[in-house]
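>>> What would the 3D arrangement of this be:
(chains A and B)
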Amino acid sequence: MEYNYREIEAKWQKIWKEKQIYKTEIDESKPKYYVLDMFPYPSGAGLHVGHPLGYIASDIYSRYKRQKGFNVLHPMGYDAFGLPAEQYAIQTGQHPAITTEKNVKRYREQLDKIGFSYDWDREFRTCDPDYYKWTQWTFIQLFNSYYDKDADKAMPISTLIEHFNAQGTDNLNAACSEELSFSAEDWQKMSEKEQQNTLMNYRLAYLADTWVNWCSGLGTVLANDEVVNGLSVRGGFPVERKLMRQWILRVSAYAERLLQGLEKVEWTDSLKEIQRNWIGRSEGAAVWFPLAKQDTSDWKDLYMGNWDGLRNEPAFEIFTTRPDTIFGVTFMVLCPEHEMIPTITTPEQKAEVEAYVTWAKNRSERERQAEVKKVSGVFTGAFAVNPISGEPIPIWVSDYVLSDYGTGAIMAVPAHDSRDFAFARHFNLPIRQVIAPSLDEVSDPATWTESMDSKSGVCVNSDFINGMSVKEGGKAIINKVVEMGIGYGTVNYRLRDAIFSRQRYWGEPFPIYYKDGMPYAIPENELPVELPEIDKFQPTETGEPPLARAKDWTYNGYPKEYNTMPGFAGSSGYYLRYMDPHNDKEYFSKEANQYWRNVDLYVGGAEHATGHLIYSRFWNKFLFDIGLSCEDEPFKKLINQGMIQGRSNFVYRIVGTNQYVSNGLKGQYEVTPIHVDVNIVHNDILDIEAFKQWMPDFADAEFILENGQYVCGWEVEKMSKSKYNVQNPDDLVEKYGADTLRMYEMFLGPIEMAKPWDTNGIEGVFRFIKKFWRLFNSQNNEWSISEEEPTREEYKTLHKTIKKIEEDNEKFSFNTAISAFMICTNELADAKCNKRKILEPLCILMSAYAPHITEELWSQLGHADSITKADFPKYDESYMQETDFIYPVSFNGKMRLKLSFPVSYTQKEIEPILLENADVQKWLAGAAPKKIIIVPKRIINIVM
RNA sequence: GCGGAUGUGGCGUAAUCGGUAGCCGCGCUAGACUUAGGAUCUAGUGGUGAAAGCCGUGGGGGUUCGAGUCCCCCCAUCCGCACCA
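Model prediction:
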């Protein structure tokens, strides 16, 4: 029989489906292994060859683990809510559910053709009400929880209410938006609304006015990782800052645990580093700088409020990582959004400050980022007091201080901070050195060209901390401010709370209604809150989100929330749902979770480093805290597949003509390179007729050829439609079959490396597959298998391959494994080996890579059961043992010749034979060797 | 600017511990079969040289009997972050 991949692949895909060969159930008799691909968004464009790269790798590993006796969970589904479908709905009026359904279907068709071993019974989509019910349920749990820092976990909000009833805020150590202080009595006296408002300060899902990334082009708010260079990732619309009332998740409460958890997971260093940077832990001190009265100089007198209640008096809380430099503070800077600005600005400065604040607030994020180096700011006219030195310092406003990091106010130390330095130089503010390499190496800051940001050195000009190191000085200052009651050592994180509201239609509705302006959760037994039908997918005329268009969008007469949840809501806990996807009583059963626990291997792109991979870790940790998930890290091992780049081809048009010159001759003309469809170019040779028909412009093109051919130029670029370098997996499956595509994708190189896709190379893998087929079939394409006992050499080839494949599978080195299959096939073909005892185990080895052809051969070998049920062959060391070893003999480290010695020979036995050898003599040329190094079974080196 | 990664033939890549640099493919060259070849098979293929040989893993230094691999300095490319106090 001839190798007919179309027939074979269709046949087995059908049988696997009918027999539900990949259906997975809990099986306590086997160890579990959970392999997951990152949740795909089914886009309208379908898959290109870059997408399945990770899927193929995870599929190979899943199949391998099954062969090794594991019960493997390998599911797939769709992250189906999202902006593209909704944008399309806005343009065309077509419901996003219809678009999504269509795209999902296309994705599924493409995936099915590649022969993946997913358990499709577990498939779900984030837009299924059966699934988003649990997204909403989790939101309610977050809403009803707060973070207790002493217990270091989430706790029910009812516990917090008990605490308030008993002792107010005394002894409370909870994550919050703002430090509050009230007694039990105060609490009890509050109205329900006031109490609800107070609780909002602590909830893990809370409602607050916040500065957001507003994208008017999309009509919604975006997360930080959805904005790049001030433009939306989807659509590329400009993004501005806007103050809006939003749902927010208190992710920051988990910052430390998110950081610590990275120690426990096997991710790449670079990915962990990206997360560490994103979390951005920095140790330092919080210090209150009191506002000064005018026209006095003693600071206790200057200070308008009383000493003890500094926290609540007119004072500015600042955060600094360099408390050791506090004697070098010469001014203070507030962010333009700082609430104290209107109160402290003096009448003379009012107009100027207001103008600056207005300008700064209205600037787009893009403008601000583009002009980071440009110094701007304004003096408020007010002074603060340095509480340690007692000096008055001017208070400035500048947008180099950010409102959402620290407290939006800083103590400026221009001598030791480059940004403060630039600001001081620009506005001519004093610069005072307080850190020097040593006590006698003080210099005049007026002569400096940059600040001294280094953390090594000693404190100078710093009163009681003079001579101390940066570290000691910092500690001393923290002790001092604690003693004075005006500060404390603390840790700040760059990680911000996640804004969770989107002003869009195509997302999960919030299970929330409003009573007296306060949000309340809809009872859990009434979930899901289903997405309503609306007439148009646009905001209302009054600017409300699309859900405001829904008829009767109320709960017991109270209005429901108009916002929907963001894209990351549904993808934050999906891996847990796969464990028990059809459960309508709970998110997932305890039993399923106890068995499957967490994802052992997660495969996907590095682009999710700061989005999905932070949010889902947060989500999982919360579910861990409330006793749902039994593991606090969701993804044990993670592999980032490298991007597949496109390989573009070019033709060169001579400027001003319709003449095209071949690549080798283009230097002689002035030319414009033009992208040409890679599908009409073969091995860089242009199909001229196809080119002429490709576009009307080229119909009467003329060519200047070299050696009778038109040679195209090429370049590695992003794979994109506009560059005509997109490769579609369907076309390749059609032309070569899924097994060849799977193997070629893996053969390209290490999985985590970015590499260009070059379709030319696929022929080599196709040839290999056909050669592999011919091991089982004679030259006349007749099935031909011998039952003869293999030779020792044949066994050696097999067992060498078993060993190599096992090692390579374990380390995800699939490219080298395929090379091993090729070597094995070449050796067996050379030996004309068609023996069952060799080919059967080889089939099993290769079935993880090429499931269709091996299943077909397996069945022809007479097996009734699927090859997917076969065990991984056992490696037998004894076939590797050799009596002789061929030593490379080098002179001064350069390999010159090879000599065979019995492996049992020692240095003493080898040396005399070696020195007598004629070739060795020739190389020695009469000289006596200084030293002879013999590493057993490795190398001989003669030093001359 | 900071952090991370990567540099090996014309191309994708390979090389457990420091031990034969270039495995496996693509492409290319020659040949066989063929009406034909973008099919198949065989042989060759890092550079240079007639050959012996010499030179070769981004560049420069070092350690070593021996360095693609370890150490120091530099260069290039890619990715991430970027007023984070």
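>>> which stretches of the stretch 651-800 of chain A form helices?
In the stretch 651-800 of chain A, the helices defined using DSSP state H, counting those that start in this stretch lie at A:688-694, A:729-736, A:738-747, A:762-774, A:792-810.
>>> Which one of those helices has the poorest average confidence?
Lowest mean pLDDT within these: helix A:688-694, at a mean of 87.
>>> Quick check: buried residues in that helix?
A:Ile688, A:Phe691, A:Lys692, A:Trp694 (16 or more other Cβ atoms under 10 Å). No exception for glycine: its C-beta is placed from N, CA and C like everyone else's.
>>> got a list of contacts for that helix?
A:Val651, A:Val676, A:Asp677, A:Ile680, A:Phe698, A:Ala699, A:Asp700, A:Ala701, A:Phe703, A:Tyr710 (Cβ atoms under 8 Å, 6 or more residues apart in numbering).
>>> roughly how far out does it sit from the chain middle?
42 Å (Cα atoms, centre = their mean, to the nearest Å).
>>> cool, stretch A:542-551 as well?
34 Å.
>>> in that stretch, what's buried?
A:Pro545, A:Pro546, A:Leu547, A:Ala548, A:Arg549, A:Ala550.
>>> Could you provide those residues in JSON lines, with additional columns for distance to RNA strand B and secondary structure?
Below are the buried residues of stretch A:542-551 laid out as JSON lines (distance: Cβ to the nearest atom of the strand, whole Å; DSSP: H, G, I helix; E, B strand; the rest coil):
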{"residue": "A:Pro545", "distance to RNA strand B": "27", "secondary structure": "coil"}
{"residue": "A:Pro546", "distance to RNA strand B": "29", "secondary structure": "helix"}
{"residue": "A:Leu547", "distance to RNA strand B": "31", "secondary structure": "helix"}
{"residue": "A:Ala548", "distance to RNA strand B": "33", "secondary structure": "helix"}
{"residue": "A:Arg549", "distance to RNA strand B": "35", "secondary structure": "helix"}
{"residue": "A:Ala550", "distance to RNA strand B": "36", "secondary structure": "coil"}
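>>> And those residues, which is closest to A:Val227?
Nearest to A:Val227 among those: A:Pro545, at 19.4 Å, using Cβ to Cβ.
>>> I figured that closest one hits A:Gln503, correct?
Yes. The pair formed by A:Pro545 and A:Gln503 meets the contact definition of Cβ atoms under 8 Å, at 4.1 Å.
>>> Now do the SS call for the closest residue to RNA strand B within the stretch 251-400 of chain A.
Nearest to RNA strand B, among the residues of the stretch 251-400 of chain A, is A:Ser270, at 2.8 Å (Cβ to the nearest atom of the strand). Judged by DSSP: H, G, I helix; E, B strand; the rest coil, the three-state class of A:Ser270 is helix.
>>> in chain A, which helix or strand is least confident?
Sorted by mean pLDDT, DSSP states H and E, the helices and strands of chain A end with helix A:299-302, the least confident at a mean of 45.
>>> Run through the residues that contact the closest residue to RNA strand B within the stretch 751-900 of chain A.
Scanning the stretch 751-900 of chain A for the residue nearest RNA strand B gives A:Gly764, at 2.4 Å (criterion: Cβ to the nearest atom of the strand). Contacts for A:Gly764 (Cβ under 8 Å, 6+ apart) come out as none.
>>> picking up where we left off before, of the buried residues of helix A:688-694, which is the nearest to A:Leu47?
Nearest to A:Leu47 among the buried residues of helix A:688-694, counting by Cβ to Cβ, is A:Trp694 at 24.0 Å.
>>> Relative to A:Ile785, how far out is that closest one?
48 Å (Cβ to Cβ, to the nearest Å).
>>> What of A:Pro336?
Counting by Cβ to Cβ - A:Pro336 and A:Ile785 are separated by 80 Å.
>>> Settle it for me: which of these two has more neighbours?
A:Pro336 (23 against 18; other Cβ atoms under 10 Å).
>>> For the more buried one, give its distance to A:Lys350.
15 Å.
>>> wait, what's in contact with A:Arg66?
A:Val72, A:Ser117, A:Thr868 are the contacts of A:Arg66 under Cβ under 8 Å, 6+ apart.
>>> I'd assumed the second one was in a strand, is it?
No. When classified by three-state DSSP, A:Ser117 is found to be coil rather than part of a strand.
>>> list the contacts for it?
A:Ile21, A:Tyr22, A:Asp59, A:Ser62, A:Arg63, A:Arg66, A:His74, A:Pro851, A:Thr868.
>>> what's the answer for the last one, then?
Residues in contact with A:Thr868, defined by Cβ under 8 Å, 6+ apart, are A:Trp16, A:Ile21, A:Tyr22, A:Arg63, A:Arg66, A:Ser117, A:Ser847, A:Pro851, A:Glu855.
>>> Quick one: classify it as helix, strand or coil.
With three-state DSSP as the criterion, A:Thr868 reads helix.
>>> how near is it to A:Leu111?
17 Å.
>>> what residues does the stretch 601-750 of chain A put near RNA strand B?
For the stretch 601-750 of chain A, the residues in contact with RNA strand B (Cβ under 7 Å from any atom of the strand) are A:Ala606, A:Glu607, A:Ala609, A:Thr610, A:His682, A:Asn683, A:Asp687, A:Phe747, A:Leu748, A:Gly749, A:Pro750.
>>> Sounds good, over and out.
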